Every structure is written in structure tokens, then in C-alpha cells.
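>>> kindly generate the corresponding structure for this input.
(one chain, ligands or ions: 1)
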Amino acid sequence: MNRRIGVAVLGLGWMGQAHSRSMLRIPSLFPNRSFDPVLVVCADTEEERRERAVRDFGFERAVADWHEAINSDDVDVVWVTAPNMLHVPMIEAACAAGKAVFSEKPIGGKPEQTVEAFELAAKAGVRTGVGYNYLWAPLVLHAKHLIDSGALGEITHYRGRFLSMYGSDELGLLTWRFILDQAGYGVTSDILSHSVSLAQFLIGDITSVVGMQNTTIPKRPLPTGAASHYGRGRPEDPKGDVENEDFASMLCHFENGATGTFEVSRTMVGPESQNAFEIYGTKGSLAWNLETMNELQYYKLTEDPSSGYTTIYGGDRFPFHGAFSPGQANPIALEDLITIEDFSFLEAVATDAPFSPSFREAVDVVNVQQALINSWGSKSWENVTDLTGGSNGK
Ligand SMILES: NC(=O)c1ccc[n+]([C@@H]2O[C@H](COP(=O)([O-])OP(=O)(O)OC[C@H]3O[C@@H](n4cnc5c(N)ncnc54)[C@H](O)[C@@H]3O)[C@@H](O)[C@H]2O)c1
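Numbers count the residues shown, from 1 in each chain. Reported below is the predicted structural model:
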């Protein structure tokens, strides 16, 4: 018999809704599962979102105070989907209540907060997961398979970027993402974290970095009420200061000897959501881009002088894809990745199996972020060190 897993979702904005919808879809998409998710309670400070939680998502109840949601007896797993600076207090309370916890990335807004969350969970012995959803893309998993099987030979260079236009409009609202005490750092917390998590998953640890950062749109219209990620103000609206970085770039060395370059921006005009990587090896290379997430470019070195990149389309021959679309080249979408990660996390909870990415992998990401931040001050190369002091034996 499937195990009943009661779920609490803290924050019903973009990600809270995406995870809640995923939970609703899991039974029909994954009939061979070991659990049945039950949307027990949702917490949000916005009344309208609480009403939607019950009316449209079928939560049994919705509360304004997130503590109440965590401490409900019928909740087994807590989803942390609120702005960054609420992550650690929410995780602390979930750990105190002995609940498994899945947190959206980056976990807190500053490296020391991610470490704090990791240590709280390790001490409480609760199971953890983190929302690096792109690691679950079927073609990213296939890229990992090709790399691990040696198809690319020795990896020599990794090029990662996340160039998004979500902040490119100077009338885009000053939402929590731009405020230090709500988001922490800017693009390095928000989207470099995705790029680094992909790189570490695909080719391994980063050992040293040097980089730069910049804020290109220093003021934005102040929001009134609950502002959406893509909300827009008017030219005459009062403005406030952007308090964290819009752009960052990084050169790095990987433990396996490869070099790397990373660029992330939320204000460039043109690339709309270019979360992308290129991986170069001695026998071939790969390229993937979220904007065309159902395509993987593969170059295989051969004697044939007319060879070049080939396009591998997504399809049910790759992991998880067939749950959503049968056959070949019938595409899947962004929220499907969130459904895959939620299914995988709950399956691990139900069967007591290991799960990755966990808070440990989230720390691996901020270890790199901290070295990058250090290099902004020192203007020189910085070694990546384990901010937990190696408490996991790393
Ligand atoms: N994995 C991804 O690809 C991805 C994408 C977007 C966001 N995120 C992460 O998800 C988290 C949330 O981002 P978002 O875009 O969904 O934000 P959002 O602004 O759309 O939603 C946040 C929600 O939290 C609610 N909230 C604020 N204070 C609260 C409180 N005290 N108690 C309860 N609810 C409260 C807000 O009312 C809102 O509904 C962030 O940590 C972000 O980094 C991850």
C-alpha cells in the first residue's frame, strides 16, 4: 500500500504554485509510486493566495502563520517556497518538528545561511532536498550519462551561463529579489546557483575562482501589495534602490583539471531565459539551453571531415520524459522538471532511499559563491573551501 505523505507548502507564489500543481499531477503521471501526496496546508501572508490554495489547489486548509502549518500533526514534509530570507527560519522550525524538508534554492540568501540550514538539518537528522530542478531535465540526465560513459573523452572546458531578461525592464518592480534583507545576494544567489549546481552535477567540484559583478539598473519602481516576479511599475511611481548585483561573471578551475567560465545576468536584453552550458572534451562536446530544453547538441569527434553537431531531441527514451509525453520529439516543459524532482524526493522519503540534490549539494554551490564574493574584494583568485569545515567528510 502506498504511504500517505502530508505536505505543507510555505509561500504560494510562483514556486509554491508550481510545486503544489506538481503534487496534484504526480498520481496520474507516476502510477508506479510508493506514496500518495496529500496537500494538507498552505501558508501565505496574502489572503487571496490562501483562498486560491483551498479553492484551486484543493489544500485542506490555508493559514497566514507558517509556524502553524509546520506544526500540524498531519504534515510529514514541508516545502519551503517563500522568499530567500524566510528559508532558514522555516527550515529551523521544520527541523525542530522533525519534518522532512524540501527547500527552494538557494536556501537563504547568503552562503552562511545555506550552511546554517545544512547544519540544522544534519543535527536534527531530517531528510532534505533542494530545488535545483534543471538537474532533472531528461536531456541533462542524458548529458550526464554521456559524460560518465566517456563519450566526450577527458573534459577540458565548461562554459555555463544564465542570462535572463526578468530584470531587463527598468520599470520592472523592486520585488524581494532586489533587496538585501529579503533576497541576500542578487544573481549569484538567484541564478548563478543554478549554473554552478549544473556544472558540479555534470563534471564535478570547482576548486578556485575569480570574478566580477555589477548592478546595471540601480533604481526600480516600488511595488504596492504582493508583486509578481514579472510585475511592472509606471514611470511616475516612486523608486527604491536595487541592493544587490544584476550581473556576475567567473573564471574557474575544476578538480578534474578542466577550466570554466560562467556569466549570469538578469538585466541583459536579448537572452530571455538562457540557462545554458557547453561542455568540451577531447572526443566530443555537448550544448544545452533551457530556451530549447528538448534539444541537446552533441558533437562526436570522427575521421569524417564533414561531421558536425547533431541535435538529439527529447523523447521517452530518456529518463522521466515518457511520464509526460510518449514517443520521440514530443516536448516537455519547465514545470515538468519540478514534477520530476517532487516525485523523486517523495519517493526517496517513502522508501527511505538517498536523495540528491540535498542541502549538502546546496552547500557545495555556496562554497563556490563565497569564493567568488571573496574575489570581488581581493580582486584575485580565491580557493573554494568547504564552509561547513568538512563536516560531511568532504
Ligand atoms: N527552482 C527554480 O527554478 C526557482 C524559480 C523561481 C523561484 N525559485 C525560488 O523559490 C523561492 C520563491 O520564489 P518565487 O518566485 O516563488 O517568489 P514569489 O514572490 O512568487 O512568491 C513568494 C510567496 O511567498 C509569500 N510570502 C512572503 N512572506 C511570507 C510569509 N512570511 N509567510 C508565508 N508566505 C509568505 C508571498 O506572499 C508569495 O506568495 C525563492 O527562494 C526563489 O529563489 C526557484
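>>> and Glu278, helix, strand or coil?
Three-state assignment for Glu278 (DSSP: H, G, I helix; E, B strand; the rest coil): strand.
>>> should've said Arg159
Arg159 - assigned by three-state DSSP - is strand.
>>> so how far is Ile191 from it?
15 Å (C-beta to C-beta, to the nearest Å). For glycine as for every other residue, the C-beta is placed from the backbone atoms N, C-alpha and C.
>>> number of nearby residues for whatever residue of the chain ends up closest to the ligand?
Closest approach between the chain and the ligand, counting by C-beta to the nearest ligand atom: Gly13, at 1.7 Å. When neighbours are defined as other C-beta atoms under 10 Å, Gly13 has 19 of them.
>>> my guess is it meets Leu86, correct?
No - if you go by C-beta atoms under 8 Å, Gly13 and Leu86 don't touch, sitting 11.4 Å apart.
>>> what number of residues lie near His229?
14.
>>> would you quantify the distance from it to Arg177?
For His229 relative to Arg177 (C-beta to C-beta), the value is 7 Å.
>>> before we move on, the earlier item: who has more neighbours out of Arg159 and Ile191?
Comparing Arg159 with Ile191 by other C-beta under 10 Å, the one with more neighbours is Ile191, at 23 against 18.
>>> count the residues that sit near the closest residue to that one other than its chain neighbours.
Nearest residue to Ile191, sequence neighbours excluded (C-beta to C-beta, 6 or more residues apart in numbering): Phe162, at 4.0 Å. Using other C-beta under 10 Å, Phe162 is surrounded by 27 other residues.
>>> what is the mean pLDDT for whichever helix or strand Phe162 is part of?
Phe162 belongs to strand 155-164 when assigned by DSSP states H and E. Average pLDDT, strand 155-164: 98.
>>> quick one: strands adjacent to it?
Sheet pairing of strand 155-164 (DSSP bridges) gives strand 259-265 (parallel), strand 273-281 (antiparallel).
>>> buried sites along that strand?
Going by neighbour count (16 or more other C-beta atoms under 10 Å), the buried part of strand 155-164 is 155-156, 158-164.
>>> and what of stretch 171-188?
Buried-residue list, stretch 171-188, by 16+ other C-beta under 10 Å: 172-179, 182-188.
>>> among those, which pair sits farthest apart?
Leu173 and Thr188 (21.0 Å; C-beta to C-beta).
>>> can I get the buried residues of strand 155-164 in JSON lines with distance to the ligand?
Putting these into JSON lines (distance: C-beta to the nearest ligand atom, whole Å) gives the following:
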{"residue": "Ile155", "distance to the ligand": "25"}
{"residue": "Thr156", "distance to the ligand": "29"}
{"residue": "Tyr158", "distance to the ligand": "20"}
{"residue": "Arg159", "distance to the ligand": "20"}
{"residue": "Gly160", "distance to the ligand": "15"}
{"residue": "Arg161", "distance to the ligand": "16"}
{"residue": "Phe162", "distance to the ligand": "10"}
{"residue": "Leu163", "distance to the ligand": "15"}
{"residue": "Ser164", "distance to the ligand": "10"}
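>>> closest one of the residues you listed to Pro305?
For the buried residues of strand 155-164, the residue nearest Pro305 by C-beta to C-beta is Thr156; the value is 21.8 Å.
>>> now do the helix or strand harbouring Leu346: which elements does it pack against?
Per DSSP H and E, Leu346 falls inside helix 334-351. Packing partners of helix 334-351 (3 or more C-beta pairs under 8 Å, 6 or more residues apart in numbering; DSSP states H and E): strand 3-10, helix 14-29, strand 35-43, strand 77-80, strand 100-103, strand 128-130.
>>> so which bits of the helix or strand just after it are buried?
Next helix or strand after helix 334-351 toward the C-terminus (DSSP H and E): helix 359-378. Neighbour counts over helix 359-378 (16+ other C-beta under 10 Å) mark 359-375 as buried.
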